[in-house]
Each structure stands twice: as C-alpha cells, then as structure tokens.
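[1] Quick check, what structure comes out for this input:
(chains A and B)
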Amino acid sequence: MDFLTLLQILDTTVRLATPLLFACLAGLVSERAGIFDIGLEGKLLAAAFFSAAVAAVSGSVWVGLLAGVGASLAFSLIHGLASITFRGNQLISGVAINFLAAGLTVLIAQSWFQQGGRTPSLGDGERFQEITLPFANMFEGLPYIGQSYAELFSGHSLLVYVGFLTVPLVWWVLFRTRFGLRLRAVGENPAAVDTAGISVVRLRYSAIVICGVLCGLGGVYLATGLQAGFVKDMSSGRGFIALAALIFAKWRPWYALFACLLFGFFQALSFRPDVVEAVVGTEIPGPFLDALPYILTVVILAGFVGKAIPPRAGGEPYVKER
Amino acid sequence: MDVIPKWADAILIPLISIILAFIISALVILAIGEDPVRALQLMVQGTFGNSAGIGFMLFYATNFIFTGLAVAIAFHARLFNIGGEGQAMLGGLGVALVCLSLPLPHWTIALPVALIGGALFGALWALIPAYLQAKRGSHIVITTIMFNFIASALLVYLLVEVLKPAGSMDPATPRFPEGTHLPRMSDILGAIGIPFSDAAPVNVSFFIALLACFLFWLLVWRTRLGYEIRAYGHSETAALYAGISPTKIIIVAMLISGGLAGCMAINNVMAAERLVLNSVEGAGFIGIAVALMGRSHPVGVLLAALLFGFLVQGGAEIDFWTNIPRELIIVIQALVILFTGALDNMVRMPLERLFLMFRKPEA
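    Have a look, this model is predicted:
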C-alpha cells in the first residue's frame, strides 16, 4: 500500500466520520443533561431529507440547511415534550422518533417528488461545495506533508470543518462555562441543581435544543455534502454508530472525536476490501467490518476494556417533589 | 392511591392514545394531499373484502403476536428488549439449519423440532445482552440495539458466503425439503369444508401463536416464575428482599423473550420454505408497538397484533392503489409507540383530574 492510497482512505475516513461526529456530540450534550437519546438516527434522517428537499425546491443549500436543522429540532422537541414535560420513557420516545422519521421522510418525498422516496439530485449551489484550502495546489507536489495537506486537510465541504471545530466548542461550553457545569450537574443530580434554584426543565430543554441543532447539521451534511440528495433510509444506522461512539468515548468530547474517526475508518475500510486484504494478508468479510463498531461497543459496555459509566441521572425523568 | 379505575387504565387510556395516533395519521394523509377516508376504505376493502386479504392479515398478525409477546415478557421484568428484530433473524437461521440438516419426514415432527431450533437460536442471541446486563451492568437497550446490527451482518455473511447454494446469485438458502411443508389455512379450513384462499401464506403457525398467548398468560399470572418476574419488574429492591435473584430473573426473562422472537421464524421462514435476507421485515420493531398497545397482556397483544396485521395488509393495498406509500404504516407504528409508550402521561394526567372531579361528591 502506498502513501497516496493511505491518504485516500484517511480522506474518506474524515468524510464518513463527520456525520457520526455531529450526531455523537449531539447525543453527548443531551445525555450529559440526563436525557437518553436513541432517536439520533431519526433526527439525522429527517434533517437529511428536509435539507435535500428544500434545497432542491429553493435552489439554495443555505435554505436547505435551515430546513434540515429545523426538522431535527422539531423531532428533538417532541422528544423533550415526551421525556421532560410528560416524564415519559425516554427510550421508547427515541424509538418512536426513529420510526416517525423513517416513515415520514419517504411519505413526504413520494408526495413532493414522486421518485420512489428520494429527492432529485442536487446540482451546484444546492449542495455544499468542496473547499480548497489556500496554497493546497501549490504544495501538492511536495511529498508527504504537501500531499497530506492537499489530499487530507483540503478539499472538504464547509460542514466538515464546522464539525471538527464543534469538538473544542462543545468541550469549552461543557467544561469551561457556568452553563456547562449546570448542564452536567443536571445529568448527575438534578435534585441538587433544583435546590440551588436553577430550573431543571429549562436546562434540559436547552440541552435538547443543542442536540437537535448539532444532529441536524450531521443530517444536512449527509444529504448535501457527502452525497447529492436524499435516498430512503440514507442514515443507514449512523445514529446508532454515533451512539456506540458516544459510549466508546465515555461521554467526553475529545474522546468522541477519536471514536468517530475510528468508526469512520472502519466504514472507509469496507469500501476498500482490496487494501484490507493486502495489509492483513487474508480476506476479511465485509459484513465483519460493518459490524465491528457494534462489536467493539458491546465489548466496551461489558467493561472488559475500561469502564463506560453513563451520567448518573440519565434516563430518569425529574419529579420536583414526591 | 389509584386515581383511575382499573378498566380505565387497561382500556380507556390505550384507546384514547390510539385514537390520537390515528387522528394524526389522518392529518398526515391530508397533508400529503390524499383522502384519509378513501385510504381507510381501501384498507378495509383490501383486507376484509376477500379471504386472501384476511389470510395475509392473519399471517402478519402471527409474526406480531410472537414479537409482541417477546417484548411484553421483558416489559414485565422492566427490561426493554429492542433486540426482537435480531433475535427473530437468528431464529430464522435456527429454523433454516434445522430444516436443511435434519431428515424430517412430516410437518407434525418438523414443526416442533423447528420451533425448538428457532427458539433456541433466538434465546441464545438474547442471552449475551442478558448476561451483560445482569453481571456487568451494561445497558440492555444499547446492547440489544447493537446485537440487531451484528445479527444482520452475520446473516448477510452466512447467506452470501456459506448457505447460498453454489451457482446461485440470490443470497438465500436452498429450498427446504418436502417434509417441512406446513399446512396452510386453506388446507386446514378446506378439510372441514370452509373455502379459504390459498393465495395467502397464513398457516398452522397462527394456532401456535394463539397457544403461545395462552401459555404466556399461564406463565406470567399462574406460576411462581411469572410472579417473580412481575415482582422484580415492580420493585427490584422488594424482589431482592423477598429472595428473588435479579440475575436469574433478567436472564430467564430475556431467554423467554428471545425464544418467543425466535419462534416467529416458523411463520416467516419455515412457511416460506427458505431463508432470505430481510425475512423479518421489521416485525421485531412492530412488536414494541404491539406490546405497548396491548399493555403487555396476551389478550391485548393479540388484539394489537391483529390491528397491525390489518394495517400492514391494508398498507400494501393503498400502496398499490393510491399515491400513499406503504411507509404510512411505519408512521402509524411510530405514533402508536409515541402515544401509548412515551406520551402516556399526556393522556393520563387530564384523565386523572377528570376522575378526581367525579369522585369528590362520594368521598
């Protein structure tokens, strides 16, 4: 395997890790505030559809972006209504949201475009273009460093860079601001936060809103960055891989970045079975690579390799007075 | 204090939730520019208009009874088994292996053997998440989700690389031998002189599903184990104090749950006479809606399974005749889960207030 092949695989890794990263950080904010979110998959899908559909109709990717984030936010608020206001079961609500998105996207796609549950292909201006970083063309000839710069760091769409910058942003908000401290506290011991005179409901709703926006960006990237348009079930389990990455990362932003890159790398490898075979020496079945993130998560969850401890109040609706 | 009488809790609340779910579904149909009344007419006509429609409804309902009971038994132990889909896939694998490898002369022998095969594979697939929950504290919801994906990857691998007959392009097992052929409803009803369409795949498994409902009731409300499962579901600490082992309850409840999901394979795999990719078709997930709607009671599960059987058959019908794709059923399923499961309190709280208002004069 030569250096250029490696760069290509890493380049694909970055692209595939981006939607995972958005969804993972979205789940991180939500779960740190004590709201389990297994509806990430549905929100990715809803955002992907509405961004592609509205971009196709309006001709502007930015309007599409707003629509996608709005859709994800709406689903997030349903989740908030069920799990915060009506103190319902957060897991069941998440399951419902996944199915709601899976059904509604196809239903509306069929009604708007009559193309069997897909949107028309997006043209220029209707999707995010690849950005060439300054001097990328100049350095391309330079071996290793220049090549890496041109191939790996340059040439992604805007949302990829936004995604990677979101990692320090989320870290800073959660661990360096008063809001972040309170948000984490509400996920560990909401009664204490309540006693301090801070609204648990408002904090949890703000976490849900942040979660909706971040997850929405992930979905928008799927349909308008990674691909050009929406197809039925295009999130294909990414929301769950993000959930796996979240556990793998033990609910920490920087770890989440590495977990998403790792799982993105597995996905990138399954596109290049020839390279895997050349490196490992024997043929690795594709389905095994697909299942690897899930298997790893189970191993991590089992606590045989490190222990993943979720926020203590996660999944518990908060009742003010009993 | 119980504010709401038992009948209201068991019947009124689910009924209101379902009516809400259907009102919203109707609004969705209106919003995409179709006519909900005509859609309902088509669904009813396509299902009850002829015996083939009824046959398909019962065929789907058979699947949902098994998966609904599977989710329900776990609910009784306050475990949320989202892994019904994967367990049913593995059950299909078990049934396929049994049917292909054993010399089975007649369906009366093949059916119980296949049932054991399917249940065993389904139960084993649930055992690992159960063990991890009981012994290592890994959250069963997450592990069962992961196991759904691992199951589907495993099945893709096995069907494409191992079980597919040489020279075939289709990722499916060879056809099962003649001895495993299950009698269809048309054969059974035909024998006693009632004509029934042989186009529908509904078969003897439907009666096995009914039997499973009865056994489920017997187990949960008439045996010691059932009592222990319910006790654990109500209060873990109380159960612990009563000498009930949480490890045992988690593992046993999940084994039964996975086993029931695996049993579904006699209907969707054995009756289809070969194992194909995606033979489960989301039935494991519909089981969640069925169990929630049926309040984890076998009678409720049976009724909910019949309703979903009707929805799936009717959904195929409107997919054919109108511009409404069959994904409408997924939307209805989602709304049922949302209203009966997650937004339960939204219906319950005003209802509680209503009952309190009427109670006051008596007190």
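
[2] So what touches the least confident helix or strand in chain A by mean pLDDT?
    Ranked by mean pLDDT, DSSP states H and E, the helix or strand of chain A with the weakest confidence is helix A:136-139, at a mean of 74. Contact with helix A:136-139 is made by A:145-146, A:149-150, A:153-155, as judged by CB atoms under 8 Å, 6 or more residues apart in numbering or on different chains. Where you see a C-beta, it was placed from the backbone N, CA and C, and this is true even at glycine.

[3] among these, who's most crowded?
    Highest neighbour count within the contacts of helix A:136-139: A:A150, with 21 neighbours (other CB atoms under 10 Å in any protein chain shown).

[4] Going by secondary structure, A:A48 is in what exactly?
    helix A:40-58 (DSSP states H and E).

[5] on that earlier part again, switch the contacts of helix A:136-139 over to JSON lines; also include secondary structure and pLDDT.
    Shown next, in JSON lines, are the contacts of helix A:136-139 (DSSP: H, G, I helix; E, B strand; the rest coil; pLDDT from 0 to 100):
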{"residue": "A:I145", "secondary structure": "helix", "pLDDT": "77"}
{"residue": "A:G146", "secondary structure": "helix", "pLDDT": "77"}
{"residue": "A:Y149", "secondary structure": "helix", "pLDDT": "78"}
{"residue": "A:A150", "secondary structure": "helix", "pLDDT": "75"}
{"residue": "A:F153", "secondary structure": "helix", "pLDDT": "84"}
{"residue": "A:S154", "secondary structure": "coil", "pLDDT": "81"}
{"residue": "A:G155", "secondary structure": "coil", "pLDDT": "81"}
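
[6] Farthest pair within those residues?
    A:I145 and A:G155 (15.8 Å; CB to CB).

[7] ok, so what distance separates the spatially closest residue to B:L277 that is not a sequence neighbour from chain A?
    Of all residues not flanking B:L277 in the chain, B:P171 sits nearest, at 5.2 Å (CB to CB, 6 or more residues apart in numbering or on different chains). To chain A, B:P171 is 11 Å away according to CB to the nearest CB, to the nearest Å.

[8] Hmm, B:P171 is touching B:K164, no?
    Yes. Using CB atoms under 8 Å, B:P171 makes contact with B:K164 at a distance of 5.8 Å.

[9] Taking the centroid of chain B, which residue is nearest it?
    By CA atoms, centre = their mean, chain B has its centre lying nearest to B:T67, at 2.4 Å.

[10] can I assume that one sits in a strand?
    No. Using DSSP: H, G, I helix; E, B strand; the rest coil, the secondary structure at B:T67 is helix, not a strand.

[11] what's near enough to touch it?
    B:T67 neighbours (CB under 8 Å, 6+ apart): B:84, B:88, B:260-261, B:264, B:283-284, B:286-287, B:290.

[12] redo that, cut-off 7 Å
    B:84, B:88, B:261, B:264, B:283-284, B:286-287, B:290 (CB atoms under 7 Å, 6 or more residues apart in numbering or on different chains).

[13] and if you look at B:E34?
    Contacts of B:E34 (CB under 7 Å, 6+ apart): B:322-324.

[14] one more time with 8 Å, if that's ok
    B:E34 touches A:111, B:322-324, counting by CB under 8 Å, 6+ apart.

[15] Redo the residues you listed as CSV? Include pLDDT, neighbour count and distance to A:G141.
    Converted to CSV, the contacts of B:E34 look like this (pLDDT from 0 to 100; neighbours: other CB atoms under 10 Å in any protein chain shown; distance: CB to CB, whole Å):
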residue, pLDDT, neighbour count, distance to A:G141
A:S111, 89, 17, 52
B:T322, 86, 15, 60
B:N323, 84, 13, 56
B:I324, 87, 23, 57
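
[16] just those now: which is nearest B:D344?
    Closest to B:D344, out of all of the contacts of B:E34 and judged by CB to CB, is B:I324, at 28.5 Å.

[17] Would you map the helices across the stretch 101-250 of chain A?
    A:136-139, A:145-148, A:158-176, A:178-188, A:190-195, A:200-221, A:238-248 (DSSP state H, counting those that start in this stretch).
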